[in-house]
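Novice: Got a predicted structure here, sequence first:
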Amino acid sequence: MQTTDNYMELTFPAHSQNEAFARVCAAAFAARLDCTIDELTDIKTAISEAVTNAIVHAYPARSGKVLLRGSINGNTVRFEIQDFGCGIENIEQAMQPFFSTGNSAERSGMGFTVMQSFMDTVAVHSQPGQGTVVRLEKTILSQNTECLIHA
Amino acid sequence: MQKTALHTLCIALEGELDHHNAPALRRKLDAALDRSRSGLILDFSRVTLMDSSGIGLLIGRYKRAKDRGGKLYVQNVSPHIDKLFRMSGLYSIIEKL
Ligand SMILES: Nc1ncnc2c1ncn2[C@@H]1O[C@H](COP(=O)(O)OP(=O)(O)OP(=O)(O)O)[C@@H](O)[C@H]1O
Ligand SMILES: [Mg+2]
């Protein structure tokens, strides 16, 4: 049965090459829940969104670090993506589809919407000037897990 | 609609379409768009992951194609990436073949 709790913590600089690193680590951490490939892709995509936001938006004028924490309780995996950057003034507005403060014409403003559609829960805490924490949660109810429980 | 795309250059994308990989891909696609007046067909068979950076990249390429009188098409989009296309309304500007 999947009752043993587990956790992990990672710190890395806010550099874009760490986006792939972070999502692969998160997927490997979650994989012990016997997720389907689709569920792992959901997790990878949501982690990619939150980590990319920390890299793109949090540190406009300086370098900084990103923290990725993971924990597993029963069939639920939780992640926290934290930065110590500029923070978000208006979280409700930031989470609206198509809202972006990105100065590049290449930002769609869909990051939070993607997180919400691929995870069960998305919670954002932010203090302007202090940083941002994004909490993502997903419960894995795949048939693989059922099989293990009955084995 | 298949006819429209018949003489359009097709490019097979590969790997993960994220923020880190976006600039290099943007340069390649923009160079291709400058050569192909009718636009581009993007084949997604070998794209293993895409996030909102990919959505932004595609919107940008759509605009560039449109400015040159061309269009953007996609094919072989996986169910996961199809979900991203639908939630962002990309199919209203990029035709699925
Ligand atoms: N870690 C963060 N620090 C500071 N601001 C943030 C952070 N994450 C998000 N934001 C703000 O929230 C807005 C919306 O984020 P979201 O990911 O939805 O869109 P985006 O990043 O602007 O565009 P996209 O993700 O489509 O490339 C951002 O434009 C930015 O203003
Ligand atoms: Mg984003």
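Specialist: Done, it's in. Numbering: from 1, shown residues only, chains lettered A, B, ... in the order given. Ligands and ions are numbered 1, 2, ... in the order given.
Novice: Which residue ranges of chain B form strands?
Specialist: B:9-17, B:39-50, B:71-75, B:95-96 (DSSP state E).
Novice: and residue A:80, what are its bridge partners?
Specialist: residue A:69, residue A:135 (DSSP bridges).
Novice: Tell me who's in contact with it.
Specialist: A:67, A:68, A:69, A:70, A:133, A:134, A:135, A:136 (Cβ atoms under 8 Å, 6 or more residues apart in numbering or on different chains). The C-beta positions use only the backbone N, C-alpha and C, and glycine is treated the same way.
Novice: Can you tell me the number of residues neighbouring the second one?
Specialist: Read that as residue A:68. Neighbours of residue A:68 under the rule other Cβ atoms under 10 Å in any protein chain shown: 24.
Novice: do the same with residue A:62
Specialist: Residue A:62, neighbours per other Cβ under 10 Å, totals 9.
Novice: That one in helix, strand or coil?
Specialist: Judged by DSSP: H, G, I helix; E, B strand; the rest coil, the three-state class of residue A:62 is coil.
Novice: Check chain A for its longest helix and report it.
Specialist: Longest helix in chain A by number of residues (criterion: DSSP state H): helix A:37-53.
Novice: Specify the beta-bridge partners of the residue lying closest to residue B:35 once chain neighbours are set aside.
Specialist: Closest residue to residue B:35 apart from its sequence neighbours, by Cβ to Cβ, 6 or more residues apart in numbering or on different chains: residue B:9 at 7.3 Å. Assessed by DSSP bridges, residue B:9 has beta-bridge partners residue B:40.
Novice: Enumerate every residue touching residue B:9.
Specialist: Here residue B:9 is in contact with B:32, B:35, B:36, B:38, B:40, B:41 (Cβ under 8 Å, 6+ apart).
Novice: Would you mind giving me the PyMOL syntax to select the buried ones in the residues you listed?
Specialist: In PyMOL, this line selects whichever of those come out buried by 16 or more other Cβ atoms under 10 Å in any protein chain shown:
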select buried, chain B and resi 32+36+38+40+41
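Novice: Need the contacts of residue B:9 in CSV (columns: pLDDT and distance to residue A:84).
Specialist: Below are the contacts of residue B:9 laid out as CSV (pLDDT from 0 to 100; distance: Cβ to Cβ, whole Å):
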residue, pLDDT, distance to residue A:84
B:32, 95, 40
B:35, 90, 45
B:36, 89, 45
B:38, 91, 48
B:40, 95, 41
B:41, 96, 44
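Novice: returning to that earlier point: from the contacts of residue A:80, which is closest to ligand 2?
Specialist: Nearest to ligand 2, judged by Cβ to the ion, of these is residue A:134 at 10.5 Å.
Novice: separation between the closest one and residue A:127?
Specialist: 13 Å (Cβ to Cβ, to the nearest Å).
Novice: higher neighbour count, those two?
Specialist: residue A:134 (25 against 11).
Novice: Could you check the pLDDT of the residue nearest to residue B:35?
Specialist: With respect to pLDDT, residue B:9 scores 92.
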